[in-house]
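Chemist: no sequence on this one, just coordinates:
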């Protein structure tokens, strides 16, 4: 029985994230999805609570997945939920350089391993930062096919066209 | 008759941007240059109005070019000006990764294509962010050969040596 | 009236190349597609003549496109066909680094500009080298949806399952 | 019960590969390591049989690992051994770009997923190609701490100092 | 007699920086280490004065090294201390792209050359930004082996576990 | 007194290489330039002897530079000539990834450090491989401004227009 932890900003979750969660939930026995506040990224669009709600709503069809929010180091979240491995999605090469350093650092301070799941080619451009930018300019309706339904609704509530 | 839209921060415009504008104005029948506020980049050095003035001053010798400022999504600016294509300059590989995602996103939400023009090797290091940084430390006079005259003057007004 | 030259190995042409050709044929008045022998890439799978035939067959529905084969420098082909610009497709960041050097070199030795067209996200992994590798291991039938019909047939003739 | 397939050239296997195998053997129930002939990489230093022998010798302490050699597409090897997932090690960003395309292609032609394991920082420079190059110039004795013992011995046999 | 200037944020200095300083102090006759405030990077964790203190404490065993703080352009610091060359450490490829532009810009505005020293593989993931992030989440004690002793103490003072 | 070793293929030497040699000869007391046969790169265009001749001819104006050819590991050449450091030029980010691994490997097997010198922006596209490719297609006369005179003459002798 192996448990994977999938930490991230998920501000907001996209269909690209959903692909990663579904694959991770097939490859490991249990999956914990954890939206984490990154102090280096400025004010988020959605609060941690909102992100937990959207993720729960999106992932409730997968019975080996749960969502937790913790204001801690990723490696401490991993220990608390009993994770054997951290799972991160990778879209592009510059993601890789950053995530490789993070993975090697996490291993150095706690011993935990990280595995990377590549994005599908169809979702390689669906970055949360682009989704936020489009919604903020009144384009929330245009990205509804790139995010889970609950996210599409919330974006439209925050940024009516 | 084809119209190209060249969106960007242009904070401030550099000689590298000018090369791109001149090439685009040769390759397409009309060129619209559009300084756009990027909310993700923090407070700009020059206001949109200042950037429009500097660009107009710099580009007035090209009779198939006009400058517009719009607080909208790039793809909506493209539709409003009747653009057939978006043109972006590329200096380095990390530009490419970001711009590729943006181009694929813009195509997904509106169908518009993007073409990339490479910077000249001589201007590959002339980033607006470096120009701003040098000017803020009192070095505006040193970058006068890398920016249009009007930009050199404005930088010196903002940051006298 | 502007003419674009799209040079490449096209060994074999893929649906990713076809996307690039179709976009280029919309953005410019005439398009010349030129398979070129790259001495640095070893023995090709298809001869230049075979590639010309496959490209002609694939592109015959576009009336402003023609296919030429020339054993010359790209910039000399460009001059001979009266091209105003070279068009290259880009799939990934490492393509960009190589193509940027080539573009700057071509400008330095002849003055011609290069524009880059990004691949669609769906075709970003469809590299001719991967197609060849799969076909050589007996998998030609599996890539039929990634290449034009004529290419799929030729691959199966060369490498029956 | 999940089975992972770890394909690669392994010409020769290094301690970096060994790290990847050991991690994969912890994360999944069974691991199949498969040296595969890459026709695009020229004449290998070690034959497939030699590589199988070195890998068996190196991995015999892990009882959920086996080594197979197959002259087939990776996705067909995966199907034959009942693999649920392909595992690849990643050392640097340029590895990532290539492996991402391969992973997306393998998913497109067979549905199988790929996960990436990052190299440790200590082994990030231990490329088989550098090991071969050093051995060919008479430096086999210098890389003995970077490869399994059996590989160190075979390198010295092939290239006595 | 040649003097090298090693500018950087050093917020805080890490063992990776220390490796670079020690190598630079062997390759050149004099080394000046200069923490510089980068206005583009937001509020630093440690003030310039704190960084100077930590660097002095860390480097006092090297008798050809001194530490200076100057609120100026790097090229003006270089001129003021009589530096013949700027030295920068490089950890990953994305560092390189940024530092190459900076180096070419510095040469363009003052004529000074830059040399790059690669990080050791063991310290390639030890980024100051990751150290700050871990400390801010209460993990200062975990990174004590990655930073000089004085830095470890200061991190614990700022962020008691 | 410090000696630097600058190894490379130099097939042929370019003005970009010459910039690197001249900078290295200012930064260090002695410079040894060493063309080295890279077995992984196929048949060279110029023999080692021809490359030594062209380099000697090009560098004879620098009295602290000598040229040696040795069929050995770079680290052994470094030891034989008493080099304190290896110097490599870097043009683009993909160069960096390869050279970083080589530098870390050379340090691991011999303790020697490597420093990188960035190319000038003007010469960033002047790759020996592009020069060879252009000359082989009859364009030797077009690259005469990118290579030393002796190289331009030799290219024309080998590949008359």
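Modeler: Received the coordinates, thanks. Note that the structure is predicted; figures quoted are calculated from it, not measured.
Chemist: any idea how far stretch A:60-71 is from the chain center?
Modeler: 11 Å (Cα atoms, centre = their mean, to the nearest Å).
Chemist: Which positions in that stretch come out as buried?
Modeler: A:62, A:65, A:66, A:67, A:68, A:69, A:70 (16 or more other Cβ atoms under 10 Å in any protein chain shown). Every residue, glycine included, has its C-beta placed from N, CA and C.
Chemist: now do stretch A:139-153
Modeler: Neighbour-count burial for stretch A:139-153, counted by 16+ other Cβ under 10 Å, picks out A:139, A:140, A:142, A:143, A:146, A:147, A:148, A:150, A:151, A:152.
Chemist: now the closest residue to the first one other than its chain neighbours: how far from chain F?
Modeler: Read that as residue A:139. Taking Cβ to Cβ, 6 or more residues apart in numbering or on different chains, and ignoring the residues beside it in sequence, residue A:139 has residue B:73 as its nearest neighbour in space, at 5.1 Å. Distance of residue B:73 to chain F, computed by Cβ to the nearest Cβ, to the nearest Å: 31 Å.
Chemist: show me where chain A has helices.
Modeler: Along chain A, the segments classed as helices by DSSP state H run A:15-27, A:48-59, A:74-81, A:93-110, A:128-136, A:149-158.
Chemist: can you tell me which of those helices comes nearest to residue C:78?
Modeler: helix A:93-110 (30.9 Å; Cβ to Cβ).
Chemist: do the closest one and chain E meet at all?
Modeler: Yes: Helix A:93-110 comes into contact with chain E (Cβ under 8 Å from any Cβ of the partner chain), by way of A:94, A:97, A:100, A:101, A:102, A:104, A:105, A:108, A:109, A:110.
Chemist: Which pLDDT value goes with the third one?
Modeler: As predicted, residue A:100 sits at a pLDDT of 96.
Chemist: Quick one: neighbours of it, just the number.
Modeler: Applying other Cβ atoms under 10 Å in any protein chain shown, we find 27 residues neighbouring residue A:100.
Chemist: Skipping adjacent residues, who's closest to it in space?
Modeler: Residue nearest to residue A:100 in three dimensions, not counting chain neighbours: residue D:118, with 5.1 Å by Cβ to Cβ, 6+ apart.
Chemist: One more: residue A:9?
Modeler: Spatial nearest neighbour of residue A:9, excluding adjacent residues (Cβ to Cβ, 6+ apart): residue A:38 at 5.6 Å.
Chemist: What of residue A:37?
Modeler: Per Cβ to Cβ, 6+ apart, closest to residue A:37 is residue A:48, 5.9 Å.
Chemist: now swap in residue A:145 and tell me
Modeler: Nearest to residue A:145 is residue A:15, by Cβ to Cβ, 6+ apart, at 7.9 Å.
Chemist: try residue A:86
Modeler: Nearest to residue A:86 is residue A:114, by Cβ to Cβ, 6+ apart, at 4.4 Å.
Chemist: who's in contact with whichever residue of chain A sits closest to chain B?
Modeler: Residue nearest to chain B within chain A (Cβ to the nearest Cβ): residue A:125, separated by 3.8 Å. Residue A:125 makes contact with A:91, B:100, B:101, B:102, B:104, B:105, B:108, C:121, according to Cβ atoms under 8 Å, 6 or more residues apart in numbering or on different chains.
Chemist: do you know how far residue A:10 is from residue A:35?
Modeler: According to Cβ to Cβ, to the nearest Å, residue A:10 and residue A:35 sit 5 Å apart.
Chemist: Find residues that contact each of the two.
Modeler: Shared contacts of residue A:10 and residue A:35 (Cβ under 8 Å, 6+ apart): A:51, A:55.
Chemist: on that earlier part again, pretty sure the residue nearest to residue A:139 contacts residue A:136?
Modeler: No: look at residue B:73 against residue A:136 with Cβ atoms under 8 Å: they stay out of range, at 9.4 Å.
Chemist: Those two: who's more crowded?
Modeler: residue B:73 (22 against 16).
Chemist: Spell out which residues of chain A are next to chain D.
Modeler: Residues of chain A lying near chain D by Cβ under 8 Å from any Cβ: A:2, A:23, A:26-27, A:84-85, A:90, A:93-94, A:96-97, A:99-100, A:103-104, A:107, A:113-118, A:120-121.
Chemist: List only buried entries from the residues you listed.
Modeler: A:2, A:23, A:27, A:84-85, A:90, A:93-94, A:96-97, A:99-100, A:103-104, A:107, A:113-118, A:120-121.
Chemist: what's near enough to touch the residue nearest to residue A:145?
Modeler: A:123, A:126, A:145, A:146, A:147, A:148.
Chemist: Quick check: of these, which lies closest to residue E:43?
Modeler: The nearest one, if we look at those relative to residue E:43 and count by Cβ to Cβ, is residue A:126, at 31.7 Å.
Chemist: give me the number of residues near residue A:42?
Modeler: Neighbours around residue A:42, by other Cβ under 10 Å: 10.
Chemist: show me what contacts it?
Modeler: Residue A:42 neighbours (Cβ under 8 Å, 6+ apart): none.
Chemist: got it, and residue A:104?
Modeler: Applying Cβ under 8 Å, 6+ apart, the residues near residue A:104 are D:118, D:120, D:121, E:124, E:125.
Chemist: what's the nearest residue to the third one if we skip its chain neighbours?
Modeler: Taking Cβ to Cβ, 6+ apart, and ignoring the residues beside it in sequence, residue D:121 has residue A:104 as its nearest neighbour in space, at 4.8 Å.
Chemist: Enumerate the residues of chain A near chain C.
Modeler: Counting by Cβ under 8 Å from any Cβ, chain A sits next to chain C at A:92, A:93, A:94, A:121, A:122, A:123, A:124, A:125.
Chemist: Could you identify the most distant pair in the residues you listed?
Modeler: A:94 and A:122 (19.5 Å).
Chemist: quick one on the thing from earlier: give me every residue that touches the residue nearest to residue A:139.
Modeler: Contact partners of residue B:73, counting by Cβ under 8 Å, 6+ apart, are A:134, A:137, A:138, A:139.
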